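*Asks:* give me coordinates for this.
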Amino acid sequence: MSGQISINVDIDTTQASSYLAWLVSQYETAMAAFWFDDRYRYTPQGFRAKRIIEDHPHMVGLVRTIRALRAQLGVAA
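*Replies:* Numbering: from 1, shown residues only. So this is what the prediction gives:
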């Protein structure tokens, strides 16, 4: 499947804040698990996060969703 999609969800600010907190925890948990994976042991410093993102495209979805929610809520990064 290729191409782009757009999703519009109407939720109140309490739900959005809770969802944002959950997404951030999912991102942090996944990144920590990938970070210490043997697969990335010999990846040069400064390239590990980029390599993880390339290998796990769902992480980009998390980041974009987090960014969009923060923008809508007016939360600083």
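*Asks:* what does stretch 60-73 contact?
*Replies:* With contact meaning CB atoms under 8 Å, 6 or more residues apart in numbering, stretch 60-73 is reached by 13, 16-17, 19-20, 23-24, 26-27, 30, 53, 75-77. C-betas here are computed from N, CA, C, even on glycine.
*Asks:* how many other residues sit next to residue 52?
*Replies:* 19 (other CB atoms under 10 Å).
*Asks:* with residue 69 instead?
*Replies:* So residue 69, with other CB under 10 Å, has 19 neighbours.
*Asks:* show the pLDDT at it.
*Replies:* Per-residue pLDDT puts residue 69 at 96.
*Asks:* check which helix or strand covers it.
*Replies:* Assigned by DSSP states H and E, residue 69 belongs to helix 58-73.
*Asks:* tell me where this structure has helices.
*Replies:* Along the chain, counting by DSSP state H, helices occupy 13-35, 48-55, 58-73.
*Asks:* indicate which one of those helices is closest to residue 6.
*Replies:* When those are compared by CB to CB, helix 58-73 sits nearest residue 6, at 10.6 Å.
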